[in-house]
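**Q** Quick one: sequence plus predicted model below, questions after.
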Amino acid sequence: MRKISMFVVLYVVWCLLVFPYDRTTGQWDTQSLLVGLVAALVVVVLFGNALPDRSCFLLAPRRWFWALVYIPFFAYYCLKANLEVAYLVLHPDMPIRPGIVKVRTSLRTRVAITALANSITLTPGTLTVDADEDGTLYVHWIDVKFAEDDEATREIVSRFEGHLRRIFE
Amino acid sequence: MTTIGVIITTVGTIFLLLGSLGVIRLPDVYNRLQAGTKCTTLGAFLTIIGVGIMQPAWFVKCSLIAGFILLTNPISSHALGRAARKSGVALWKGSVLDKSGEFDSSDRLGTRGHQEAD
């Protein structure tokens, strides 16, 4: 079941990328359709087991809603991150105090931790360097404000945790 | 339409330029990764979306590509940072803190897959 849904998703992505339908003549491009079938099949056979066991839960509409809410929230921090890097790079003295801090998350599933690590990497001044199974993340912080684990956690992790829990757990 | 696309692409290019400046100016691997990741992600994202707006027929393809960049770019920088840390690349001398000495090699995300590969 999991592999079938993966196959369908892959094939839809392929069709969107290749777009094997000619609007002017109204003809379908059978070559592209066939190649897509083969490619999706190969990927499913080779990597079908790489997905987490219960990835079907991601299809619930409630999770999609929260994912949509997450996008503008995340876009704001992403833009802020870029402006901050721009400021640091253009500033003649480069006012940085870099360091690696340790933060904890209460998220448990692997998908959620991955999403959290990615979000941290794309937000102001922080870059996830390593992650433990028990929810410990080592984060490189370009401007260390709090050395204590708890304070750093509150500053870096807390703003995403609630959202991601609603999406992924 | 073309004007909007050109503006967005230009902004993306500026971010890419700033990112490359950051890679040159910042002191060590980790700081450079920071500049590299954030600016290339948003820069490439905006550039591709801008192209999609200029050519509406390509918009769907472009947004798919942009989405994949957004998802995969932080993972690659994470892999680079982790590899640098594990192979013992030191932090810049001006760094104020390093808690990564508490790394241990067991029960880490990813090691399981590695063992299977062996």
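**A** Structure received. Numbering: from 1, shown residues only, chains lettered A, B, ... in the order given.

**Q** now what about the lowest-mean-pLDDT helix or strand in chain A, what contacts it?
**A** When each helix and strand of chain A is scored by mean pLDDT, DSSP states H and E, strand A:21-22 comes last, with a mean of 71. With contacts defined as CB atoms under 8 Å, 6 or more residues apart in numbering or on different chains, strand A:21-22 is touched by A:27, A:28, A:29. Using the backbone N, CA and C atoms, a C-beta is placed for each residue, glycine as well.

**Q** What is the neighbour count of the last one?
**A** The number of residues packed near residue A:29 is 14, by other CB atoms under 10 Å in any protein chain shown.

**Q** quick one: low-confidence ranges for chain B?
**A** Across chain B, the ranges flagged by pLDDT under 70 are B:90, B:93-118.

**Q** What of chain A?
**A** In chain A, residues with pLDDT under 70: A:51-59.

**Q** quick one: furthest residue from the center of it?
**A** residue A:25 (39.1 Å; CA atoms, centre = their mean).

**Q** so who does residue B:56 touch?
**A** With contact taken as CB under 8 Å, 6+ apart, residue B:56 is in contact with residue B:1.

**Q** re the thing from before, ok, the contacts of strand A:21-22 vs chain B, which is closest?
**A** Ranked by distance to chain B (CB to the nearest CB), the contacts of strand A:21-22 are led by residue A:29 at 14.8 Å.

**Q** Specify the beta-bridge partners of the closest residue to chain B within chain A.
**A** Nearest residue of chain A to chain B, counting by CB to the nearest CB: residue A:99, 3.2 Å away. Note on residue A:99: beta-bridge partners by DSSP bridges are residue A:141, residue B:97.

**Q** so it makes contact with residue B:91?
**A** Yes - using CB atoms under 8 Å, residue A:99 is in contact with residue B:91, at 7.2 Å.

**Q** Go through chain B and flag its longest helix.
**A** For chain B, the helix that runs over the most residues, judged by DSSP state H, is helix B:59-86.

**Q** Figure out how far it is from the centre of its chain.
**A** 6 Å (CA atoms, centre = their mean, to the nearest Å).

**Q** what does stretch A:27-45 give?
**A** 27 Å.

**Q** Could you pull up the residues touching residue A:64?
**A** With the criterion set at CB under 8 Å, 6+ apart, residue A:64 makes contact with nothing.

**Q** For it, give its distance to residue A:70.
**A** Here residue A:64 is placed at a distance of 10 Å from residue A:70 (CB to CB, to the nearest Å).

**Q** Are the longest helix of chain B and chain A in contact anywhere?
**A** Yes - against chain A, helix B:59-86 shows contacts by CB under 8 Å from any CB of the partner chain at B:60, B:61, B:64, B:71, B:74, B:75, B:77, B:78, B:81, B:82, B:85.

**Q** Next, format the residues you listed as TSV and append neighbour count.
**A** TSV is the format used below for the residues of helix B:59-86 next to chain A (neighbours: other CB atoms under 10 Å in any protein chain shown):
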residue	neighbour count
B:60	14
B:61	17
B:64	15
B:71	13
B:74	24
B:75	15
B:77	25
B:78	22
B:81	25
B:82	20
B:85	21
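
**Q** neighbours of residue A:161, just the number please.
**A** Under the criterion other CB under 10 Å, the count of neighbours that residue A:161 has is 16.

**Q** okay, which residue is most central for chain A?
**A** Central residue of chain A (CA atoms, centre = their mean): residue A:115, at 4.3 Å.

**Q** what about it, which helix or strand?
**A** helix A:110-121 (DSSP states H and E).

**Q** Just want the phi and psi numbers for residue 29.
**A** I went with chain A, as the question did not name one. In terms of degrees, to the nearest 10, the main-chain angles of residue A:29 are phi -90, psi 100.

**Q** residues contacting the closest residue to it other than its chain neighbours?
**A** Leaving aside its chain neighbours, residue A:29 sits nearest to residue A:20 (3.8 Å; criterion: CB to CB, 6 or more residues apart in numbering or on different chains). Residue A:20 makes contacts with A:28, A:29, A:30, A:31, A:32, A:33, A:36, as judged by CB under 8 Å, 6+ apart.

**Q** Assess the claim that the last one and residue A:12 are in contact.
**A** No - with the criterion set as CB under 8 Å, residue A:36 and residue A:12 do not qualify as a contacting pair; they are 9.6 Å apart.

**Q** Got the domain ranges for chain A?
**A** Annotated domains of chain A cover A:2-58, A:60-168 [automatic domain parsing].
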